[in-house]
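Undergrad: need coordinates for the following:
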Amino acid sequence: MNLNIQKTAVLTRFKFKELTRNKTFLISALLVPLFTVAIRFVYANMFTEHEMPSMLMGMVLNIGLLMNLTMIGLMMPATMLAKDKEKNTLRTLMTSSVNGLEYFISAVLPNFLVSWLICIAVLLISGVQLSSNEIILFLVVSGMCSLISCVLGMLVGLFAKNQMASGNISSLLMLVIMMVPMFSSMVPSLAKVAQFIYTGIIGQLATSFVEGNQQGLSVQSWLVLVVELVASIVLFVVSYRKNGFERE
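TA: Residues are numbered from 1 along each chain as shown. Below is the predicted model:
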């Protein structure tokens with residue numbers, strides 16, 4: 001599959017402008033950092049005479065990351081692609097010279113960059129202190145998780161009939177990838193499942209930071225991230241080429 005850089009760049013700029021004009025996106029992009037600030041403020045007020053425990057900082061970081069990966073990384077690509085289908089934009093692109101890879105890059109890149117930047121903002125807001133090596137590790141893992149969320153969102157949008165169906169499917173998927181890691185510390189069976197979900201892996205990373213664990217991610221966790229990323233990308237490109245807008 002050939003990739004035309006100039007065509008992809010033009011389409012990416014168009015998608016970025018379209019994204020910034022979306023009110024739902026703008027509200028969500030502001031809501032995640034503001035909610036993270038609010039959580040930290042509440043926790044900080046609980047310990048007015050002492051410094052906020054690092055474990056609570058880790059919880060703030062984890063909640064902010066989960067909200068970002070689901071509300072921005074997952075839901076927005078799904079909504080935008082479903083919108084393209086409703087307006088027949090996707091049909092026009094598929095019958096033109098734009099191939100699946102070019103559309104994929106141009107549609108994912110704006111959402112990915114915003115989601116990744118919000119991950120960094122959430123880290124700064126949480127107050128969790130990281131070493132230089134931990135910062136690099138966080139950037140790599142959060143980048144991979146943001147990309148996985150965006151691709152999953154694209155898949156949802158591709159197979160959904162319209163924006164309403166896309167929202168319903170995204171909500172169900174959000175419950176799984178957000179709630180399983182969030183309650184994994186309280187339910188042992190969920191902890192086992194979370195090891196194989198990318199949101200669970202980044203949650204484990206956040207916990208390891210505040211616990212002072214210098215080992216980083218296990219080989220299994222890296223394999224899970226790579227497999228989920230590659231599989232989701234391949235599935236999208238294949239599905240786009242085969243049935244894209246025809247999926248009913």
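
Undergrad: next helix or strand past the worst-scoring helix or strand of the chain on mean pLDDT?
TA: Least confident helix or strand, the chain: helix 89-94 with a mean of 61, by mean pLDDT, DSSP states H and E. For helix 89-94, the following helix or strand on the C-terminal side (DSSP states H and E) is helix 100-126.

Undergrad: does anything pack onto that following helix? Which helices or strands?
TA: Judged by 3 or more C-beta pairs under 8 Å, 6 or more residues apart in numbering; DSSP states H and E, helix 100-126 is in contact with helix 5-20, helix 23-45, helix 54-67, helix 75-86, helix 89-94, helix 132-159, helix 219-242. For the C-beta atoms, the positions are set from N, CA and C on the backbone; glycine is no exception.

Undergrad: which one of the ones you listed lies nearest to Q204?
TA: Nearest of those to Q204, taken as C-beta to C-beta: helix 219-242 at 7.1 Å.

Undergrad: what would the helices and strands packed on helix 100-126 look like in CSV with mean neighbour count and distance to G212?
TA: Formatted as CSV, the helices and strands packed on helix 100-126 follow (neighbours: other C-beta atoms under 10 Å; distance: least, C-beta to C-beta, whole Å):
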stretch, mean neighbour count, distance to G212
helix 5-20, 14, 38
helix 23-45, 15, 20
helix 54-67, 22, 8
helix 75-86, 24, 34
helix 89-94, 17, 48
helix 132-159, 21, 10
helix 219-242, 15, 18
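
Undergrad: give me the contacts around stretch 111-128.
TA: Stretch 111-128 is contacted by residues 19, 29, 32-33, 36-37, 40, 52, 54, 57-58, 60-61, 64-65, 68-69, 72-73, 76-77, 80, 130, 138-139, 142-143, 145-147, 149-150, 153, 206, 209-210 when judged by C-beta atoms under 8 Å, 6 or more residues apart in numbering.

Undergrad: fine by me, thanks again.
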